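>>> What follows is a predicted protein model with its sequence.
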Amino acid sequence: MIRKMEQASTDLIFLIGGQTYSEPLKGYRPFYISHFGRHGSRYFSGPHNMKPTLDCFEAAKAEGLLTARGDSLYSAIAAIHAEHAGMYGELAPLGGREHRGIASRMYEREIPVFTSGKRTTVRSISSIYPRCLVSMANFTEELSSHAPSLDITYLAGKRYNDAYISARTSDEFMPEVGRITDSLRRSTFHPETLFAQYFTDPQRMMGLVDDPYKVEMGLYYFWAIAFDLDFMNIDLTPLIPIEELTACVAVGNAYRYAKVGLSTEYGKYNSLKGERLANDLLDKAQDALKEDSDVAADLRFIHDSGFTPLCTLLGLDGFPVFEVERAHKEWNAADVVPMCANLQVIFYEAKGKDVLVKVLVNEKESRISGLTPVQGVYYRWDDVSKKIESKLNN
């Protein structure tokens with residue numbers, strides 16, 4: 001890992017893993033980290049995203065209606081489907097490497113947190129889903145390899161899921177979300193364009209499938225999951241027209257924002273997840289800030305359904321509150337809540353001075369809307385905690 005000091009304006013910065021970071025303010029040192037991490041890259045959670053597209057191409061194969069391009073695409077998606085046997089929802093090898101990388105860079109950035117000698121406890125909590133548990137295992141094993149003296153504890157169970165992990169999104173509003181995204185698909189997709197490329201008789205295939213718009217959306221899902229399964233070396237980009245792929249990405253963003261964001265219309269269904277995590281942030285920080293505490297870090301391995309509401313509640317960069325209809329143009333899930341998305345609240349202390357915090361979202365320094373920093377990206381913890389409490393009370 002390369003670490004280089006340089007001057008930028010009036011702030012000293014350092015470079016780790018290609019990302020620049022502000023130096024702690026004079027006299028301050030990091031002493032505690034509160035971390036929330038989404039599981040890493042994974043397999044599809046179930047076959048539903050693949051089925052309409054796979055069924056369509058299998059029918060065309062059986063009828064002898066595949067073009068050369070269609071046959072190449074069918075071979076690729078059939079291979080991806082076959083790889084999912086017995087692995088739905090599980091962490092992919094890439095997901096493990098992602099968490100190891102984050103843990104290694106966290107250690108490199110904040111060495112004093114893990115080497116002070118006083119703070120040796122790291123508390124880890126995970127959702128009960130294997131993809132989160134395996135993410136936690138990779139992360140903590142990597143961290144332990146850098147700082148073997150750490151005492152890492154582990155907790156997982158339904159109690160913690162129900163308390164604040166909240167892996168599942170309420171089904172109450174999903175039919176309405178489905179109607180919105182379906183309408184967006186029908187106004188922006190051109191499945192006939194795709195069918196003409198993949199099938200020798202596109203009109204016949206349009207009539208054979210239940211919903212050609214779902215077939216097109218399924219191609220996007222196959223395209224996206226191929227990046228998670230990088231060991232397969234499959235890239236569907238050359239086989240899908242860029243205009244259609246772009247439209248699919250936009251619809252995917254709208255769906256993801258509606259499902260896990262704090263949108264104007266549906267935020268009420270997701271807000272409790274963020275509130276539970278914010279309360280946990282406050283409670284564990286209060287404990288870790290005690291003079292006799294030996295806690296170096298709190299690590300939580302969760303899902304996007306909790307991560308996104310938490311970051312929105314905190315007012316962090318990239319997590320707006322607006323109508324779902326704006327999301328497909330103004331919000332990109334891949335940027336703000338990708339696989340392995342992570343939030344790190346890093347606490348700094350100096351003798352006789354206020355405790356400060358810096359917030360990293362996906363390992364990039366983030367501003368907190370509505371708060372004035374002490375300097376740069378450093379905020380008084382007192383101000384941050386009061387803002388969180390005010391949000392929770394309202």
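Alright, I've got the coordinates.
>>> can you list the weak-confidence ranges in the protein?
1-14, 163-171 (pLDDT under 70).
>>> ok, which stretches of it are strands?
Along the chain, the segments classed as strands by DSSP state E run 4-8, 11-16, 19-22, 29-38, 121-126, 151-156, 295-302, 342-349, 356-361, 364-366, 379-380.
>>> Out of the ones you listed, which one sits most buried?
Here the criterion is mean neighbour count by mean count of other C-beta atoms under 10 Å, and of those the winner is strand 295-302, at a mean of 26. C-beta coordinates here come from the backbone N, C-alpha and C atoms, glycine included.
>>> Which elements pack onto that one?
Packed against strand 295-302 by the contact rule (3 or more C-beta pairs under 8 Å, 6 or more residues apart in numbering; DSSP states H and E) you find strand 29-38, helix 111-115, strand 121-126, helix 130-146, helix 267-288.
>>> between the ones you listed, which gets nearest to M50?
For those, proximity to M50 was assessed by C-beta to C-beta; helix 130-146 is nearest, at 17.8 Å.
>>> which parts of the closest one are buried?
Residues of helix 130-146 classed as buried by neighbour count (16 or more other C-beta atoms under 10 Å): 131-140, 142-144.
>>> Over to stretch 312-320?
312-316, 318-320.
>>> nearest to N233, of those residues?
Nearest member of these to N233, counting by C-beta to C-beta, is G318, at 30.9 Å.
>>> Report the contact partners of that closest one.
311, 335-336, 361, 366 (C-beta atoms under 8 Å, 6 or more residues apart in numbering).
>>> Take the helices and strands packed on strand 295-302 and write them to a markdown table, including distance to M205.
Formatted as a markdown table, the helices and strands packed on strand 295-302 follow (distance: least, C-beta to C-beta, whole Å):
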| stretch | distance to M205 |
| --- | --- |
| strand 29-38 | 37 |
| helix 111-115 | 58 |
| strand 121-126 | 44 |
| helix 130-146 | 35 |
| helix 267-288 | 38 |
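>>> circling back to that earlier point, and the strands of the chain as JSON lines, adding distance to Y213?
Shown next, in JSON lines, are the strands of the chain (distance: least, C-beta to C-beta, whole Å):
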{"stretch": "strand 4-8", "distance to Y213": "48"}
{"stretch": "strand 11-16", "distance to Y213": "44"}
{"stretch": "strand 19-22", "distance to Y213": "39"}
{"stretch": "strand 29-38", "distance to Y213": "29"}
{"stretch": "strand 121-126", "distance to Y213": "37"}
{"stretch": "strand 151-156", "distance to Y213": "39"}
{"stretch": "strand 295-302", "distance to Y213": "32"}
{"stretch": "strand 342-349", "distance to Y213": "34"}
{"stretch": "strand 356-361", "distance to Y213": "33"}
{"stretch": "strand 364-366", "distance to Y213": "35"}
{"stretch": "strand 379-380", "distance to Y213": "46"}
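>>> for the helices and strands packed on strand 295-302, which one sits closest to F44?
Closest among these, using C-beta to C-beta: helix 130-146, at 11.4 Å.
>>> Take the buried residues of helix 130-146 and lay them out in CSV including distance to P202.
Output for these, formatted as CSV (distance: C-beta to C-beta, whole Å):
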residue, distance to P202
R131, 38
C132, 42
L133, 45
V134, 43
S135, 42
M136, 47
A137, 48
N138, 45
F139, 47
T140, 52
E142, 50
L143, 53
S144, 56
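>>> any idea how far I240 is from V177?
24 Å (C-beta to C-beta, to the nearest Å).
>>> so where do the helices sit in the stretch 101-250 of the chain?
For the stretch 101-250 of the chain, the helices defined by DSSP state H, counting those that start in this stretch occupy 111-115, 130-146, 158-160, 174-188, 191-198, 202-208, 212-228, 242-260.
>>> closest to W381 out of the ones you listed?
Among the helices of the stretch 101-250 of the chain, if distance is taken as C-beta to C-beta, the winner is helix 111-115, at 15.2 Å.
>>> Which other helices and strands does that closest one contact?
Here helix 111-115 touches strand 29-38, strand 295-302, going by 3+ C-beta pairs under 8 Å, 6+ apart.
>>> can you put these in CSV and add distance to I125?
Output for the helices and strands packed on helix 111-115, formatted as CSV (distance: least, C-beta to C-beta, whole Å):
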stretch, distance to I125
strand 29-38, 10
strand 295-302, 5
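>>> closest to L281 out of those?
Closest to L281 of the helices and strands packed on helix 111-115 is strand 29-38 (C-beta to C-beta; 5.6 Å).
>>> circling back to that earlier point, so for H81, which of the strands of the chain sits nearest?
strand 29-38 (24.6 Å).
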